[in-house]
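A.B. asks: just a sequence and a predicted model for now, questions to come.
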Amino acid sequence: MKPFKNAETQAIRLQHERSKNNEHSVPIYLTSSYVFEDAEDMRSQFAEEKEGHVYSRYANPNVEELINKLAALEGAESGWATATGMAAVFSFFGAMLSSGDHIVSSRSVFGSTHKLFTEIFPKWNIETTYVDFDDYEGFADAVKVNTKIIYVETPSNPALDIIDLEKLGEIAKAKNLILAVDNCFATPYLQQPLKFGAHVSIHSATKYIDGQGRTLGGAILASEEIISKVKAFARHSGPAISPFNAWTLSKSLETLHVRMDRHCDNALEIAKRLQQHDAVDSVKYPFLPSHPHFEIAKKQMKSGGGIVTFQLKSGLNGGRKFLDALEMFSLTANLGDVRSIATHPASTTHSKLTPEQRADVGISDGLVRLSIGLEHVDDIWEDLEGALNVVVSAGAVEGALEKP
Ligand SMILES: *Cc1c(COP(=O)(O)O)cnc(C)c1O
């Protein structure tokens, strides 16, 4: 079938070939291995002279369908899917780097990625230099003779910092480096890093790609050249995604554009209403004109995404009070779900850091992260407004809430 012009159609119609049963929805190929026609077929497939399926750690029809759709959405030549987002991050670096290599990364990266950079890769003599997300000269200056990869997250989790991909693409090109982007918050519907000079787009499919909080998954989208290295590494180190999860994620992609449009509409409206509330010091959302990098966000993203963060005037205690006062929002570690979710990084995911370390990655004590779901926007607001009012009245009564 010829490729369709629009990504939305690709995500729906790029289906695995029908079986002889002529099913409409693709079946789940829950098989660990595949049979060969004869001895010669077996020999040639093992020798990689002939295309085919040998073993599901290497290839599976559901996984291929997921990869083909994601590659089409990202405008990438090829891809690889993994059991989790972190398996994708790890497989990418594992495939591309050797002992003695060096990474330049933006400072605010996902917590487990930070652990890889600071605790796991150093065991293999792979070092990382962090640069502030908006210090473009700093990125160029941090490059050493052994640097192989520039790595960034944009928008970043949870600070929602926006990095100019075109600028970094130019730096990567001038220095002959690979630019890899964690594209989890934007999804391939809102942002295609490869169009701006990045070489690799990495996803935690656990978030918006599933979108319904059911499965874990990850993917790496890049050129054939890079993916052939990822393949050689991942086939033997084994981060394969299960066919069931790949099927779930491939089906989810059929509705990604519709879900993301609503996530973005709801999030923008909530960000605007939060700005008006007395308990709120400041609101951050990529498509609010008050975001410090609104213009960059507009240039490289179709819309602002589903995550909104805001700063309570009343710091750590205010954050905890706010979470306790919410009635509908789920308090859970995931994001990108149809259900709205609230987290308070300073008292949870980042509680082990000192306030200074938190400030370095853009997390103040009163920061609340909202993953705005697909409930009616008025119901979302009613829950938020109620909890904010509780924070205001608690502050007035106790008069003892910390100031940030
Ligand atoms: C969740 C997340 C990951 C890790 O993905 P898992 O599927 O949980 O392994 C990586 N990067 C970002 C930005 C994330 O939000």
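C.D. replies: On my side now, so go ahead.
A.B. asks: list the contacts for Leu316?
C.D. replies: 346-347, 365-366, 402 (CB atoms under 8 Å, 6 or more residues apart in numbering). Any C-beta I mention is one placed from the backbone N, CA and C, and that applies to glycine too.
A.B. asks: same question for the helix or strand containing it, mean pLDDT?
C.D. replies: Assigned by DSSP states H and E, Leu316 belongs to helix 315-325. What helix 315-325 shows for mean pLDDT is 90.
A.B. asks: confirm that His203 sits in a strand.
C.D. replies: Yes: under DSSP: H, G, I helix; E, B strand; the rest coil, His203 falls within a strand.
A.B. asks: now do the helices in the stretch 201-350 of the chain.
C.D. replies: With DSSP state H, counting those that start in this stretch as the criterion, the stretch 201-350 of the chain has helices at 224-237, 243-253, 256-275, 294-300, 315-325.
A.B. asks: looking at those helices, which is buried most?
C.D. replies: Of all those, helix 243-253 carries the top mean neighbour count, a mean of 23, counting by mean count of other CB atoms under 10 Å.
A.B. asks: just checking, what packs against that helix?
C.D. replies: helix 61-74 (3 or more CB pairs under 8 Å, 6 or more residues apart in numbering; DSSP states H and E).
A.B. asks: so for the next helix or strand after the helix it packs on, what gets flagged as buried?
C.D. replies: Later in the chain than helix 61-74, the nearest helix or strand by DSSP H and E is strand 78-82. Counting neighbours by 16 or more other CB atoms under 10 Å, one finds that the buried residues in strand 78-82 are 78-82.
A.B. asks: so who does the residue of the chain found nearest the ligand touch?
C.D. replies: At 2.3 Å from the ligand, Gly85 is the closest residue in the chain, using CB to the nearest ligand atom. Each residue near Gly85 by CB under 8 Å, 6+ apart is listed here: 110, 184, 202-207, 216-218.
A.B. asks: before we move on, back to that, reformat the helices of the stretch 201-350 of the chain as TSV; add distance to Ala159.
C.D. replies: What follows is the helices of the stretch 201-350 of the chain, written out as TSV (distance: least, CB to CB, whole Å):
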stretch	distance to Ala159
helix 224-237	28
helix 243-253	27
helix 256-275	15
helix 294-300	13
helix 315-325	15
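A.B. asks: picking that back up, pLDDT-wise, what's the bottom of the contacts of Leu316?
C.D. replies: Of all the contacts of Leu316, Glu402 carries the smallest pLDDT score, 48.
A.B. asks: what strand or helix carries the closest residue to Leu326 other than its chain neighbours?
C.D. replies: With sequence-adjacent residues excluded and distances taken as CB to CB, 6 or more residues apart in numbering, Leu326 is closest to Ala387, at 4.7 Å. For Ala387, the host element (DSSP H and E) is helix 377-398.
A.B. asks: go on, Ser44?
C.D. replies: According to DSSP H and E, Ser44 maps onto helix 39-46.
A.B. asks: would you mind listing the buried residues in that helix?
C.D. replies: The neighbour-count check on helix 39-46 (16+ other CB under 10 Å) flags Gln45 as buried.
A.B. asks: only C-alpha atoms, please: export it in CSV.
C.D. replies: Below are the C-alpha coordinates for helix 39-46, written out as CSV (Å, rounded to 0.1, in the frame of the first residue of the first chain):
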residue,chain,number,x,y,z
ALA,A,39,16.1,-26.9,6.2
GLU,A,40,17.2,-24.4,3.5
ASP,A,41,14.6,-21.8,4.7
MET,A,42,15.9,-22.2,8.2
ARG,A,43,19.6,-21.9,7.2
SER,A,44,19.0,-18.7,5.1
GLN,A,45,16.9,-17.0,7.8
PHE,A,46,19.5,-17.7,10.4
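A.B. asks: list of residues touching it?
C.D. replies: 36, 50, 52, 54.
A.B. asks: same question, stretch 109-121
C.D. replies: 85-86, 89-90, 93, 97, 103, 105, 127-128, 130, 151-153, 156-157, 182, 184, 204, 349-350.
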